[in-house]
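Colleague: This is a predicted model, with the sequence first.
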Amino acid sequence: MTSPVADQSDDLVPSLTRIYKNLRVVKVDLKTVFSDTPLEDIYAAGLWRKNNTWPEINLADIMRLAVVWKMGGLYADSDVVCIRQVTHLTNMIAWQEGFTLGSGVFHFSRHHPVLKLVMEYIRENFQPEKWGSSGPIVFTRILKDLCDVKDKKKKCLGVSLLPIRSFYPIPSVIWKTLFMPQDPRPIRKRYPSSYMIHFWNQLSYDEPIVKGSGSIYDQAATTFCPNTRRIATKQSSGY
């Protein structure tokens, strides 16, 4: 993320940039990202890396907020597969589980007031040792306080609150089903109301994916990420 060069040893990055002309791989200047935001002092003081076991998660959680607040746009975790067009989804976030909003996928316009409120809350209540405190927890708290969304209203201050199935059709408690052989039903028919499928990398990071296994992950990759899957399985059936 902050390296001046990208690892090109497996040819994945060069191949994808050749195939997709609108794909850009960029490095991040973190000082610039956080400057003139409510999170500037947290970054400058290095609070995100102190007294915790997941500094990279803390950094990713606050960086996504600063980038989208400054530039506007869609953020999505790297452990999702997009299965439908999402360009029409603006100023939105989705419920993740129960009455918790997820921060794995969201869109906000530039300088959206909700994002500023989220960052200001983090500045005053930063908890680097608590997983999700700068992600789902704070989004849920802010929007519940602003709009009393305990009844799962569909809108809050112009922000659409999408159903769980939009991005998180498989709950985290049964994440393993995503990597088990399944019937070959088309992914879009299996998840008719979903835009993306979240694969819970926090839990599944060491789960092997086997080409041709029939798992939901491999089926989704075959249909929606064929070039990435082809390149990733050049040397091995596992990826």
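Modeller: Arrived safely.

Colleague: tell me the contacts of residue 41?
Modeller: Residue 41 makes contact with residue 123, according to C-beta atoms under 8 Å, 6 or more residues apart in numbering. C-beta here means a position set from N, CA and C on the backbone, and glycine is covered the same way.

Colleague: Angles on the backbone of it, please.
Modeller: Here is the backbone geometry of residue 41 (degrees, to the nearest 10): phi -70, psi -40.

Colleague: Repeat that for residue 96.
Modeller: Residue torsions, per degrees, to the nearest 10, at residue 96 are phi -100, psi -50.

Colleague: Could you list the paired strands of the lengthiest strand in the chain along with their orientation?
Modeller: Criterion DSSP state E: the longest strand present in the chain is strand 100-108. Strand pairing for strand 100-108, using DSSP bridges, gives strand 73-76 (antiparallel), strand 92-97 (antiparallel).

Colleague: Turn those strands into CSV, including distance to residue 162, mean pLDDT and mean neighbour count.
Modeller: Converted to CSV, the strands paired with strand 100-108 look like this (distance: least, C-beta to C-beta, whole Å; pLDDT from 0 to 100; neighbours: other C-beta atoms under 10 Å):
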stretch, distance to residue 162, mean pLDDT, mean neighbour count
strand 73-76, 13, 98, 16
strand 92-97, 4, 94, 22
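
Colleague: Show me the residue at the heart of this protein, geometrically.
Modeller: With distances taken as C-alpha atoms, centre = their mean, residue 77 lies nearest the centre of the chain, 2.1 Å away.

Colleague: Would you quantify the distance from the residue nearest to that one when sequence neighbours are not counted to residue 10?
Modeller: Nearest non-adjacent residue to residue 77, counting by C-beta to C-beta, 6 or more residues apart in numbering: residue 104, 4.2 Å away. Applying C-beta to C-beta, to the nearest Å, the value for residue 104 to residue 10 is 25 Å.

Colleague: Those two: which is more packed in?
Modeller: residue 104 (22 against 12; other C-beta atoms under 10 Å).

Colleague: What is the burial count for residue 190?
Modeller: Close neighbours of residue 190, defined as other C-beta under 10 Å, add up to 17.

Colleague: Which stretches in the protein count as strands?
Modeller: Per DSSP E, the chain carries strands over the ranges 73-76, 80-82, 92-97, 100-108, 155-156, 159-162, 196-198.
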